[in-house]
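What follows is a predicted structure for the sequence shown.
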Amino acid sequence: LKVHYNIFNYHKFLFIIKDKIITFVVMKLLRKILFPFNVLYYSVVYLRNRGYDLGILKSKSFPLPIICVGNLSVGGTGKTPTIELLILLLQSNYKVAVLSRGYGRQSKGFVLADALSSAKSIGDEPFQIAHKFPKITVAVDANRQRGIETLLALNNPPEVVLLDDAFQHRKVSSGLSILLTAYDHLYCDDIVLPAGNLRELRSGAQRAQIVIVTKSPTNLGHLEKQTIKKRLALQSGQQLFFSSIDYDEHIYSSTEKLALQTIKNKKYTLVTGIANAVPLVQYLESLGHKFEHLEYADHHEFSTQELNKISSKSLVLTTEKDFSRLKILNHDALYYLPITTKIDDQDRFEDLVKAYIDMP
């Protein structure tokens, strides 16, 4: 197993090896080796959060509804599909802006998405959202305070701001925080970095008004939901929901739409550069598809050699996020499979969000 370990992205290392045969042994060993560093990380994060809790460190409020979507852990918990769900809910009645850090972009500071934007200029996920929802405002800025201030100074300022992956950015006071945790990796079963995958202490979950267990099985029963709720140890007033991945029945290229089943008996290559490709692989295999899988790390920057390799494949299927970066290939048979998030008790979820936005 060849893995390039870098102290600044050790969490990527943990995710890369997670699905390998020797995962259990390696992870146990790594946790033991890195555990002494947890005391330092734990202390720093604890003191920072206490500073905000006690008002020693200041959070800035803004005169409009701000909804934060984030998580406690590194890796994919379904933030982008959840942001898209909120956009679909709100864009008809409100001027919506999405503000992201723009992970992996090659630009600096505040950047407003426009017709000339690319995955390199604003990041792959903001680019996907901007391309998919052209009527909303999409911007990136690592400094969320400055980002919101710049959005409000626009000629057509937003009425609602969605903060993507900002649960730990406490310099901004968001009125509604939505915390995501993956069904197969609940935050209550993890510990903080570097031995674990949590960005902050599990007690940080108490800041969220809504907790969503993402990537849940569609047939999850009431008893198991109650068991998970108890394990998460939610506080009084916190609302719990469960969401699942819903795959489109069609795949899309830049020019056409095909039924997914039309490629079932064809030889094709699946290309993924996401945190966890296992659910997608399992879904395609459950439909009887057989394919070659080229798997890369989340936000992977494709080399010329890798792009040439992908270009040589006769038929390529990828994720919507990766499609935004691979379009430069001008491949005649490059398709993506969209996903959406389905939330149980969706009416109650929508009522909570709208009640917050409409508060006087």
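Ah, there it is.

And the contacts of stretch 140-148?
60, 62, 66, 99-102, 105, 107, 109-111, 113, 122-123, 126, 139, 150, 161, 163, 166, 169, 171-172 (C-beta atoms under 8 Å, 6 or more residues apart in numbering). For the C-beta atoms, the positions are set from N, CA and C on the backbone; glycine is no exception.

what about burial for those, which qualify?
62, 66, 99-102, 105, 110-111, 113, 122-123, 126, 139, 150, 161, 163, 166, 169, 172 (16 or more other C-beta atoms under 10 Å).

SS state for residue 342?
strand (DSSP: H, G, I helix; E, B strand; the rest coil).

Who is it paired with across the strands?
residue 244 (DSSP bridges).

okay, now it: neighbour count?
15 (other C-beta atoms under 10 Å).

likewise residue 304?
Neighbours of residue 304 (other C-beta under 10 Å): 7.

if I look at it, how far off is residue 310?
11 Å (C-beta to C-beta, to the nearest Å).

The stretch 51-200 of the chain: helices as residue ranges?
79-90, 119-122, 124-132, 144-152 (DSSP state H, counting those that start in this stretch).

would you list these in TSV and tack on mean pLDDT and distance to residue 331?
Listed next are the helices of the stretch 51-200 of the chain as TSV, based on pLDDT from 0 to 100; distance: least, C-beta to C-beta, whole Å:
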stretch	mean pLDDT	distance to residue 331
helix 79-90	97	23
helix 119-122	94	16
helix 124-132	95	17
helix 144-152	98	34
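
Take those helices and lay them out in a markdown table including distance to residue 289.
Output for the helices of the stretch 51-200 of the chain, formatted as a markdown table (distance: least, C-beta to C-beta, whole Å):
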| stretch | distance to residue 289 |
| --- | --- |
| helix 79-90 | 22 |
| helix 119-122 | 27 |
| helix 124-132 | 23 |
| helix 144-152 | 41 |
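
Go through those and pick out the most buried.
helix 124-132 (a mean of 23; mean count of other C-beta atoms under 10 Å).

what's the angle between it and helix 79-90?
30 degrees (axes from the mean of the first three to the mean of the last three C-alpha atoms, to 10 degrees).

Return helix 124-132 as PDB; C-alpha atoms alone will do.
Taking C-alpha atoms only, helix 124-132 is exported to PDB below (Å, rounded to 0.1, in the frame of the first residue of the first chain):
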ATOM      1  CA  ASP A 124     -15.000  22.100  -7.700                       C
ATOM      2  CA  GLU A 125     -18.000  22.100  -5.400                       C
ATOM      3  CA  PRO A 126     -18.900  25.800  -5.700                       C
ATOM      4  CA  PHE A 127     -18.400  25.500  -9.400                       C
ATOM      5  CA  GLN A 128     -20.800  22.600  -9.500                       C
ATOM      6  CA  ILE A 129     -23.400  24.700  -7.500                       C
ATOM      7  CA  ALA A 130     -22.900  27.800  -9.600                       C
ATOM      8  CA  HIS A 131     -23.300  25.800 -12.900                       C
ATOM      9  CA  LYS A 132     -26.400  23.900 -11.500                       C
END
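
Low-confidence bits of the chain, can you list those?
1-28, 30-32 (pLDDT under 70).

Would you mind measuring from the residue sitting furthest away from the middle of it to residue 290?
Within the chain, residue 265 marks the point farthest from the mean C-alpha position, 31.6 Å out by C-alpha atoms, centre = their mean. With distances taken as C-beta to C-beta, residue 265 is found 9 Å from residue 290.

Spit out the contact partners of residue 344.
220, 241, 242, 243, 244.

looking at it, residue 89 is touching residue 352, isn't it?
No - the pair residue 89 and residue 352 fails to qualify as a contact (C-beta atoms under 8 Å) at a distance of 10.9 Å.

follow-up on the earlier one: residue 40: which of the helices of the stretch 51-200 of the chain is closest?
helix 144-152 (25.8 Å; C-beta to C-beta).

How far away from the center of its chain is the closest one?
21 Å (C-alpha atoms, centre = their mean, to the nearest Å).

And for stretch 122-138?
14 Å.

returning to what we had before: residue 299: which of the helices of the stretch 51-200 of the chain is closest?
helix 124-132 (6.5 Å).

what's the closest one in contact with?
79-80, 83-84, 87, 98, 100, 102-104, 113, 117-119, 121-122, 136, 138-140, 164, 299, 320-322, 324-325.

hmm, try it at 6 Å
Contacts with helix 124-132, where a contact means C-beta atoms under 6 Å, 6 or more residues apart in numbering, come from 80, 98, 100, 102, 113, 119, 138, 140, 320, 321, 324, 325.

ok, now stretch 276-296?
Contacts for stretch 276-296 (C-beta under 6 Å, 6+ apart): 76, 247, 264, 268, 269, 270, 271, 272, 273.

Just the buried residues from these, in PyMOL please.
A single PyMOL command suffices to select whichever of the contacts of stretch 276-296 are buried according to 16+ other C-beta under 10 Å:
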select buried, resi 76+247+268+269+270+271+272+273
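
could you dump the contacts of stretch 276-296 to a markdown table with secondary structure and distance to residue 201?
Formatted as a markdown table, the contacts of stretch 276-296 follow (DSSP: H, G, I helix; E, B strand; the rest coil; distance: C-beta to C-beta, whole Å):
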| residue | secondary structure | distance to residue 201 |
| --- | --- | --- |
| 76 | coil | 21 |
| 247 | strand | 35 |
| 264 | coil | 46 |
| 268 | strand | 44 |
| 269 | strand | 42 |
| 270 | strand | 37 |
| 271 | strand | 36 |
| 272 | strand | 31 |
| 273 | coil | 30 |
